[in-house]
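Asks: I would like to see how this sequence folds:
(chains A and B, ligands or ions: 2)
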Amino acid sequence: MERVRVRPKMQRPKVHIENLNFKYQSNSVFDDLSWTIQKGEQWVLSGISGSGKTTLAKAITGLADYAGKIEINFDNEIQLPAKVSLVESWYQFKNVEGVANFYYQQRYTSQQAKETLTVKAELAHYGKENHLAFADVEPILNALGFAGLKNSQLIELSSGEHKKLQLVKALWLKPQLLIIDQPYTGLDVKSRESLNALLNDVCAEGVSLIIISNDEELPICINRFAKITGGKLEEISALEKAFTNSNYELGEIPEFLKQAPIYSSGLIAKMVDVNISYGEKEVLKNINWEVRAGERWLLQGPNGSGKSTLLSLINGDHPQSYANELYLFGNKRGSGESIWDIKQHIGLISPEFHWYFDANSTVLESVASGLYDSVGLFKTLPYSKKAQVDELINFFGLTENNNDLLNTLPLGKQRLVLLARTIIKNPELLVLDEPCQGLDNQQTAYFNQLIDKVCSNGMTVIYVGHFESQLPSCLEKRMVLENGEVKEISEIKNKNLTLKETIKDFELTI
Amino acid sequence: MSNYFNTLPLREQLNQLGVCEFMDISEFADGVEALKGKKLVIIGCGAQGLNQGLNLRDSGLDVSYTLRKEAIEGKRDSWKNATENNFKVGTYEELIPTADILINLTPDKQHTSVVNAVMPLMKKDATLSYSHGFNIVEEGMQIRKDITVIMVAPKCPGSEVRAEYVRGFGVPTLIAVHPENDPQGKGLAQAKAYAVGTGGHKAGVLLSSFVAEVKSDLMGEQTILCGLLQTGSILSFDKMIEKGIDAGYASKLVQYGVEVTTEALKQGGITAMMDRLSNPAKIKAFEISEEMKDIMRPLFQKHQDDIMSGEFSKTMMEDWANGDKNLLKWRAETGETAFEKTPAGDVKISEQEYFDNYTLMVAFIRAGVELAFETMVQAGIKPESAYYESLHEAPLIANTIARKKLFEMNRVISDTAEYGCYLFDQACKPLLADFMKKVDTDLVGKNFNEGKDGGVDNRKLIEVNEAIRTHQVEKVGAVLRQAMTAMKAIKTN
Ligand SMILES: NC(=O)c1ccc[n+]([C@@H]2O[C@H](COP(=O)([O-])OP(=O)(O)OC[C@H]3O[C@@H](n4cnc5c(N)ncnc54)[C@H](OP(=O)(O)O)[C@@H]3O)[C@@H](O)[C@H]2O)c1
Ligand SMILES: [Mg+2]
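Replies: Ligands and ions are numbered 1, 2, ... in the order given. Next up, the predicted model:
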């Protein structure tokens, strides 16, 4: 691989890529890909899941090996750091010295030995490393609604907040070339608008931007569009509809998913004045909520409003549930049931779950582990179950990946695997916390159709979504959280709205 | 009180040392039934206390905590750990009389005073549980005859006990019933149910005895686990500095190197670790580890002898009585080593580079694991116990070094392990002085294969492979690892 970083003469393009080749296993991802980015150009890069967008971003940043030439010409007339930064769509934070397993131990557990840094300490460290003034980060924190979190431990942040922290750092640094992979996943509407405004600002100061996204609401500074197809980069005039709409046909669903779930109780979950706090910080306040068998809920709220914590109570994950009045599947919580008794009724996915899932599991093991609610498979699969797992994997079009390790697949595929894991038991309750993060629009539409289909057999659903373009149409009730409180409980009247529209619809009502 | 082990006739000593049975998962079919509806009260809410308690509660059991008065009144961390996770907390007087199972998870050093304080408050026919047998075996604590005494000892730090449980798995666990205190014969059923409650049954449970657990645990921690990792790390770092390797690089190589090399150990034993080296490096590592085994064998044997005779615990308890004078002195000295004081440099070291540039550590680990294992087995400890206390725990301890060097390791391990570690380290460094004079940067700091042609003699390689693969620790390990292949990699980067 040839990396060239030279001082500019006039007219040199900012980025010049020639004959880039990259193979993954034995498949070509890039086949003589070329791309030239001139000064003043701000690009959006799109493409279906697995087309190589993330790999290209990593190659430009110098984080992936490749064959071919990538030339980056920094501009020494502007003050900005001569750097390429990549904000990855995937971010796994670590504790003080880098261990990730502790996540399972500590995410909801209160523990005096603090193992992660606070947001403030993390930023101070970053600022020092990059010679940045702390005063400059304040307005960014304010714009993204992050100022109140300065004293939070990193482990207390929600997935959306983690994403924002990465964006905050990049916007603070203002590297000459900034690449952002899926900037909007997990962000609420307001943050998304603020982000676009901030991106416009940094572009005006001379940052060149590459955004990887199939989204339509982009910062106005964007002036060029490209997509990757067949291993090559192709300039397009605007985001193509092909990425934003699709009518993918759902095949015949596996037999076991056609069975109506057998409910142990008509009452799935009931919360009476539920409160959760960490020290002074109140995360949930007086929550009263009832979910009955067969109901399909949409759960909404800004980043950090307490959605994931609420779901952790239902999934048996939160230690503080023992001190609250909570009924799950007909039993009072803390009346002698184990968390495995609870989980056995539930199929769950969330961004955090995906982050910390054992990525050294094969596709088959990952899906099968849903039968036992474990992270990774610790049992030999009985023959009858194996057939069921195979059938579902086949239905998701993942059969050829059966024995691949999760961490060798693109994020979209990993996500599909974990989605298959949620329904492998044909559970009574599906908890889908931002399930379609990382999927392209086609995959999202496909998954939503599947949800609609399994719902028609009477499955209960709780669905959390921020900004995916499409929701399953089966959702019929909505709860909105804000600052840990129930803001609204209502019926969703207008079905078939996109999530964006439901949010707007909701904003008009408050 | 006198050393319990030393009061036993030889026949009984060997009998108890030899209790060791790997339990089949089918033996746990009754789940937590034997503890259902019983009141479990945990004394102490530290690393083991909090994490075991969280697991037991999440398994549907009734768990509360009793803490000493000062901890409750001063709202210490242990009090906060328990109350903020919504456990009931009370004084000894409030909770101990209600306890069906009283679980002692205070530091070993405090056990005599804690047990003396709580025993009179315990109701008749209750059970007292430990996670380490030191108090019973080495201090000879006598427990009221109506009380059942059991042990459930997870072979991992508390944080792992919790993390593996939440993933739907568990950590390997030793259980035991004290033969002097099992009046109703219910001890084993309760210990098994407890192991189910912490998730241990999914990762492999070894039925052991208090004696076997203590004698093997002490031996493992002071020799290979903490002692030799400390000695090896310091000697390696000093050698690199002496030979002009960049200090930041040396610091990083040593800090993370043990973790990366022992990760291979965890997956596939000594064989897998050695197989990560090139053929010439493997032969070299084999040869120097043989040499180190010969040099260190008498020291390993001395440690085992002192543990068996009670000499070790006697001297350590004298130091306790003396305000921890030696412990504190050695702790301070460790804090002052050049390795401890040099921050890891901001250099990227690839996973393979940790093997190629740190062949010396691979040799240290092979020598230490095999020696500790051999010495324990010779002393009458069963191979399965010896495996858990040597090879199995090495990656876990290595992980603490990767986090914050030796300081962190010595903070996380028990006082007993820390004391034994320093004792070993003090004696081992001078022993290896001559050996270390011959060591050059090809073994530590630079790629061993650099400038070598990579050729080896077939017969030599076959012989080395054979010796590594057929060692008893490899055979036992293969079986026991089968039960825990699923444990998550504790790798950093
Ligand atoms: N750490 C391990 O990896 C490990 C593994 C297996 C078994 N074990 C065993 O588990 C047991 C507990 O070890 P640990 O590492 O969990 O200990 P730890 O983290 O040091 O916690 C000890 C707890 O006991 C309390 N305590 C200290 N002195 C006390 C006293 N005099 N009276 C009453 N309470 C006292 C402390 O709270 P306050 O000071 O606030 O009162 C603290 O909550 C030991 O027997 C150890 O051998 C440990
Ligand atoms: Mg130990």
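Asks: OK, contacts around the residue of chain A found nearest chain B?
Replies: Residue nearest to chain B within chain A: A:Ser374 (2.6 Å; CB to the nearest CB). To be clear about C-beta, it is placed using only N, CA and C from the backbone, and glycine gets the same treatment. Residues near A:Ser374 by CB atoms under 8 Å, 6 or more residues apart in numbering or on different chains: B:Arg167, B:Gly168, B:Phe169.
Asks: Report pLDDT for it.
Replies: What the model reports as pLDDT for A:Ser374 is 91.
Asks: nearest to ligand 1, of the contacts of A:Ser374?
Replies: B:Phe169 (17.2 Å; CB to the nearest ligand atom).
Asks: what's the distance between the closest one and ligand 2?
Replies: In this view, B:Phe169 and ligand 2 are 20 Å apart by CB to the ion, to the nearest Å.
Asks: can I assume that residue is in contact with A:Gly376?
Replies: Yes. Between B:Phe169 and A:Gly376 there is a contact at 7.4 Å, judged by CB atoms under 8 Å.
Asks: need the residues of the stretch 1-150 of chain B near ligand 1, please.
Replies: Within the stretch 1-150 of chain B, the positions near ligand 1 by CB under 6 Å from any ligand atom are B:44-49, B:67-68, B:71, B:76, B:78, B:105-108, B:110, B:113-114, B:131-132.
Asks: go again using 8 Å as the cut-off
Replies: For the stretch 1-150 of chain B, the contact set with ligand 1 under CB under 8 Å from any ligand atom comprises B:43-50, B:67-68, B:70-71, B:74, B:76-79, B:81, B:104-108, B:110-111, B:113-114, B:117, B:130-132, B:134-135.
Asks: Buried subset of these, written for ChimeraX?
Replies: To isolate the buried subset of those in ChimeraX, counting by 16 or more other CB atoms under 10 Å in any protein chain shown, use the following:
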select /B:43,44,45,46,47,48,49,50,67,68,71,78,79,81,104,105,106,108,110,111,114,130,131,132,134,135
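Asks: Narrow the residues of the stretch 1-150 of chain B next to ligand 1 to those in helices?
Replies: B:47-50, B:70-71, B:77-79, B:81, B:111, B:113-114, B:117, B:134-135 (DSSP state H).
Asks: and of those, the nearest to B:Ile288?
Replies: B:Phe134 (35.1 Å; CB to CB).
Asks: hmm, who's touching the helix or strand where B:Ile401 lies?
Replies: B:Ile401 belongs to helix B:394-412 when assigned by DSSP states H and E. Helix B:394-412 is contacted by residues A:96-99, B:47, B:156-157, B:160, B:224-226, B:229-230, B:233-234, B:255-256, B:258-259, B:261-263, B:265-266, B:331, B:334-335, B:337, B:339-340, B:365, B:369, B:413, B:418, B:421, B:490, B:492 when judged by CB under 8 Å, 6+ apart.
Asks: quick one: is that helix near ligand 1?
Replies: Yes. For helix B:394-412 and ligand 1, the contact criterion (CB under 8 Å from any ligand atom) is met by B:Val412.
Asks: buried stuff in that helix?
Replies: In helix B:394-412, counting by 16+ other CB under 10 Å, buried: B:394-403, B:405-410, B:412.
Asks: Repeat that for stretch B:4-18.
Replies: Applying a neighbour-count criterion of 16+ other CB under 10 Å, one finds B:Tyr4, B:Phe5, B:Leu8, B:Gln13, B:Gln16, B:Leu17 buried in stretch B:4-18.
Asks: how many neighbours does A:Ala226 have?
Replies: Neighbours of A:Ala226 under the rule other CB atoms under 10 Å in any protein chain shown: 18.
Asks: what's the spacing between it and ligand 2?
Replies: Look at A:Ala226 and ligand 2: by CB to the ion, they are 58 Å apart.
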